[in-house]
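**Student:** Got a sequence here, can you model it:
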Amino acid sequence: MFFAVLDWLGKSGLLYLYLYIMNKKIIAIVIIFFHSFFSLGQDTRLPYQMKIVPLPMLQGMVVELCRVPDTSVMPLTGTGCFIFHNDNLYLVTAAHVARYMDSKSFIFGRGDSGHTVKVLIQDIDSTNKIKWVHHSLADISILKVNARGEMRNSIMTIAFNSNMFERRLVVPDPGVELTLLGFPLGLGINASNGKSSTYFSAFSKRTYASSGLFSHPRGDNNEMSSFFSLQDPITQGYSGGPVFDISIYSALDGVATGNGLKCYGFAHGTLSDNTGGKIGVVTPSYFLFDLIY
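**Tutor:** Down below sits the predicted model:
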């Protein structure tokens, strides 16, 4: 017999997960209630002790970044997330995404009842200034959030704690299933011409690490950087999206598939050649801690 309980109770969040396994059968009871993007302004960021987190909750915590060029009807999109570290808030994405995101750009997130909420990126800074900080080597950038009042409180509801990100320059075990979160091809919010859809739906992609660390020229500026690869290619739009070990329970033996919730990096892009071969590559989250303070 196996019995496990995971519970979380916050100011405006509630999660209970009960697992009963008897005779190789599993019964799971999950009760989830939480406020998400731009909700009531309560601080409901995930506590790090939540070792297993439902995928739908994580999907509601990533955001899409979008800029509609003046000369094209096709928007420039990427994926980002908010991170809370030492009482500071940051918006994090790939550097090659951040370079396009100026005062005309939008952030799309999940609102109450699952609908899409759109705000100008400059609205998360009370000074209305966009000051991206780019890593000197890695494809990662941060924008410090200087929002106040209700805006800051609302962002806190979807901010990841920095303790959820791997600080060491390591690669996840190749046997551990990874989950990439984001918005491939700008899907999930229907952001054509900067217009949001009724529904918000971040995508997820399950895969595995397929290499150790290696050095390779970045796809955006040809500068050498460190990466690890995935078994599957990364579709455009996922760039900047977090790559998590979300650790799910096996229904057969009640053992977690990974080591608890941990982000190992951010999607960089896909390497390809003239044979049609494609390899997804990830910027290790280690480089994030060179930027946040």
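**Student:** List the residues that contact the residue nearest to residue 266 when sequence neighbours are not counted.
**Tutor:** Nearest in space to residue 266, with sequence neighbours left out and distances taken as C-beta to C-beta, 6 or more residues apart in numbering, is residue 283 at 5.0 Å. (C-beta placed from N, C-alpha, C; glycine too.) Contact analysis of residue 283 by C-beta atoms under 8 Å, 6 or more residues apart in numbering lists 94, 138, 139, 140, 225, 226, 227, 265, 266, 267, 268.
**Student:** Now, those that are in strands?
**Tutor:** 225, 226, 227, 265, 266, 267, 268 (DSSP state E).
**Student:** Just the buried subset of those, written out for PyMOL, thanks.
**Tutor:** A single PyMOL command selects the buried members of the ones in strands among the contacts of residue 283 (16 or more other C-beta atoms under 10 Å):
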select buried, resi 225+226+227+265+266+267+268
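**Student:** Determine which two of the ones in strands among the contacts of residue 283 are furthest apart.
**Tutor:** 226 and 267 (14.7 Å; C-beta to C-beta).
**Student:** just for the stretch 1-150 of the chain, where's the confidence low?
**Tutor:** 1-51, 70-73 (pLDDT under 70).
**Student:** From residue 268, how far out is the residue nearest to residue 266?
**Tutor:** Going from residue 283 to residue 268 by C-beta to C-beta, to the nearest Å gives 5 Å.
**Student:** do the same with residue 220
**Tutor:** From residue 220 to residue 268 the distance is 9 Å (C-beta to C-beta).
**Student:** Next: residue 120.
**Tutor:** Residue 120 sits 26 Å away from residue 268, going by C-beta to C-beta.
**Student:** cool, and residue 127?
**Tutor:** 30 Å.
**Student:** buried sites along the top helix by length along the chain?
**Tutor:** Identified as the longest helix of the chain according to DSSP state H is helix 149-156. Within helix 149-156, the residues scored as buried using 16+ other C-beta under 10 Å are 151, 152, 153, 154, 155, 156.
**Student:** Also stretch 163-178?
**Tutor:** Here stretch 163-178 shows 164, 165, 166, 171, 172, 176, 177, 178 as buried, counting by 16+ other C-beta under 10 Å.
**Student:** Likewise for stretch 238-251?
**Tutor:** Result for stretch 238-251 [16+ other C-beta under 10 Å]: buried residues 238, 239, 240, 241, 242, 243, 244, 245, 246, 247, 248, 249.
**Student:** Overlap in contacts, residue 283 and residue 268.
**Tutor:** Common neighbours of residue 283 and residue 268 (C-beta under 8 Å, 6+ apart) are 94, 139, 227.
**Student:** List the contacts of the last one.
**Tutor:** Applying C-beta under 8 Å, 6+ apart, we find residue 227 in contact with 213, 214, 215, 216, 268, 281, 282, 283, 284.
**Student:** are any of those residues buried, and which?
**Tutor:** 268, 281, 282, 283, 284.
**Student:** Could you pick out which of those are located in strands?
**Tutor:** Per DSSP E, the buried ones among the contacts of residue 227 map to strands at 268, 281, 282, 283, 284.
**Student:** surely the second one meets residue 216?
**Tutor:** Yes: proximity of residue 281 to residue 216 meets the contact threshold set by C-beta atoms under 8 Å, at 7.1 Å.
**Student:** Overlap of the contact sets of the two?
**Tutor:** Shared contacts of residue 281 and residue 216, defined by C-beta under 8 Å, 6+ apart, are found at 227, 271.
**Student:** Can you list phi and psi of residue 167 for me?
**Tutor:** The phi and psi values for residue 167, taken as degrees, to the nearest 10, are phi -90, psi -20.
**Student:** Contact partners for it?
**Tutor:** 285, 286, 289.
**Student:** who wins for most neighbours among those residues?
**Tutor:** Most neighbours among those, by other C-beta atoms under 10 Å: residue 285, with 26 neighbours.
**Student:** Okay, and the beta partners of the closest residue to it other than its chain neighbours?
**Tutor:** Closest residue to residue 285 apart from its sequence neighbours, by C-beta to C-beta, 6+ apart: residue 165 at 4.4 Å. Assessed by DSSP bridges, residue 165 has beta-bridge partners residue 263.
**Student:** Report pLDDT for residue 165.
**Tutor:** Looking at residue 165, its pLDDT is 97.
**Student:** how about it, what does it touch?
**Tutor:** By C-beta under 8 Å, 6+ apart, the contact list for residue 165 reads 83, 262, 263, 285, 288, 289.
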